[in-house]
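# can't give you the sequence, but here's the structure:
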């Protein structure tokens, strides 16, 4: 059998398999090929699951690459008034690329537990499964992810903290905030 014919047969089998999975609702559960590196316009990019990546600021010109990589949504943890951040421009670029844009401002100097609760709600929704989550440097995102790992994934604080530190979390005040939030003293 020639290679082009094998390719056509495999493609047909794949189409039939995909059609069956789609009709049974199982296709949606399959992870997409995503999370390619390097990601243009993003300084730090850390895939943390097969469908979620965390990192630093996504420049407006990086939005088409995020969409092409398989993401459906960008979740931004930056404050609207941060120097060098234009929320409207970022949102417009995301929407123009076909991405949903969710902003959850998280103040570096005085984190608000309400922002964490909102993040946990957003990241738990199935329509936000393919997400790129970012802040300016990745510190606040790593803090949010640490809390998510403990609250939603059942990780120990020690394991989640080690992952967050590997993602770049170094700020003692953010580590303390996460620890206090998880202990119930920061609500």
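Received it, and whenever you're ready, just let me know what you need. Remember, predicted model here, so these are calculated numbers, not experimental data.
# was I right about residue 65 contacting residue 53?
No. With contact defined as CB atoms under 8 Å, residue 65 does not reach residue 53; the gap is 11.7 Å. C-beta here means a position set from N, CA and C on the backbone, and glycine is covered the same way.
# Of these two, which one has the most company?
Neighbours around residue 65 and residue 53, counted as other CB atoms under 10 Å, are more numerous at residue 53. The numbers are 26 against 19.
# Now residue 125: phi and psi?
When read as degrees, to the nearest 10, the backbone of residue 125 gives phi -70, psi 140.
# Kindly report the same for the one 10 residues further on.
According to degrees, to the nearest 10, the main-chain angles of residue 135 amount to phi -130, psi -160.
# cool, the one 10 residues further on as well?
Listed backbone geometry of residue 145 is phi -70, psi -40, with angles given as degrees, to the nearest 10.
# count of residues packed around it?
25.
# now residue 153
Residue 153, neighbours per other CB under 10 Å, totals 11.
# Pretty sure it sits in a strand.
No. Counting by DSSP: H, G, I helix; E, B strand; the rest coil, residue 153 falls outside a strand, being coil.
# Compute the distance between the residue nearest to residue 111 when sequence neighbours are not counted and residue 110, please.
By the measure of CB to CB, 6 or more residues apart in numbering, the closest residue to residue 111 outside its immediate chain neighbours is residue 177, 4.8 Å from it. Shown here: residue 177 relative to residue 110, a distance of 9 Å by CB to CB, to the nearest Å.
# Appreciated, that's everything.
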